[in-house]
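Visitor: from the sequence below, what's the structure:
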Amino acid sequence: MTEKEKCENGFLYDANYDQQLINERMTVKDLCLEYNQLKNSDLQGRKTLIKSILGKTEEHICIEPNFWCDYGYNIEIGEHFYSNHNLVILDCAKVIFGNYVFIGPNCSFYTASHPLDVKQRNQGLESAHPITVGDNVWFGGNVVVLPGVTIGNNSVIGAGSVVTKDIPDNVVAVGNPCKIIKNIDN
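Guide: Here you go, the predicted structure:
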């Protein structure tokens with residue numbers, strides 16, 4: 001089994017020294033750099049390039065520069081997606097965003113998880129766990145979402161939160177670690 005196949009199956013894999021994965025990351029990081037250097041007024045260039053970076057997008061999306069990801073092909077973005085500046089998606093596993101997702105500045109989504117065992121960690125091993133975000137979700141600025149988290153529809157994640165566990169539909173959640181503070185009545 002290749003390191004990429006191990007990654008796709010949630011097993012420990014060699015992220016630091018596997019040449020295939022290194023090459024894939026370097027390719028997409030070059031594309032991210034190119035995207036980040038486009039003029040803001042070059043709307044068609046931005047749209048074309050971001051669609052070439054990401055695995056799946058709908059028609060109406062906007063990602064303000066700077067934007068960085070690890071592979072790109074693991075990211076799926078729904079319709080009417082907006083991200084403010086400095087979005088980071090470390091997409092070793094799938095990261096799926098629903099429709100009408102709004103992300104404040106300086107937010108990060110991390111799918112990589114590193115072993116507690118120092119020998120494994122020093123070998124460059126990690127595992128990856130998907131992140132799923134439902135429809136109509138709003139993230140305040142400086143939010144971090146950790147591996148394996150699902151965030152339900154219509155929820156709001158308050159600024160500065162670190163989301164370590166699943167968040168259900170229709171709630172406001174904040175803090176480090178992120179906790180539900182109220183239900184949202186529709």
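
Visitor: where along the chain do the helices fall?
Guide: Applying DSSP state H to the chain gives helices spanning 3-8, 19-37, 43-53, 118-122.

Visitor: from the chain's centroid, how far away is stretch 60-71?
Guide: 10 Å (C-alpha atoms, centre = their mean, to the nearest Å).

Visitor: would you mind finding the most buried of the helices of the chain?
Guide: Neighbour counts (mean count of other C-beta atoms under 10 Å) averaged over each of these peak at helix 3-8, with a mean of 17. Placement of C-beta: from N, CA and C, glycine included.

Visitor: quick one: contacts of that one?
Guide: Around helix 3-8, the neighbours that count as contacts under C-beta atoms under 8 Å, 6 or more residues apart in numbering are 12-15, 18, 20-21, 92-93, 127-128.

Visitor: what's the answer for stretch 157-173, then?
Guide: By C-beta under 8 Å, 6+ apart, the list of residues contacting stretch 157-173 reads 104, 134, 137-146, 149-156, 174-186.

Visitor: avg pLDDT for it?
Guide: Stretch 157-173 comes out with an average pLDDT of 98.

Visitor: that stretch spans what distance, first to last residue?
Guide: 5 Å (C-alpha to C-alpha, to the nearest Å).

Visitor: may I see the buried residues of it?
Guide: For stretch 157-173, the neighbour count (16 or more other C-beta atoms under 10 Å) marks 157-158, 160-161, 163, 167, 169-171, 173 as buried.

Visitor: please apply the same query to stretch 93-109.
Guide: 93-101, 103-109.

Visitor: that one spans what distance, first to last residue?
Guide: Note: stretch 93-109 ends 11 Å apart using C-alpha to C-alpha.

Visitor: residue 57 versus the nearest residue to residue 78 once chain neighbours are set aside, what's the distance?
Guide: Nearest non-adjacent residue to residue 78, counting by C-beta to C-beta, 6 or more residues apart in numbering: residue 99, 3.9 Å away. As judged by C-beta to C-beta, to the nearest Å, residue 99 and residue 57 stand 12 Å apart.
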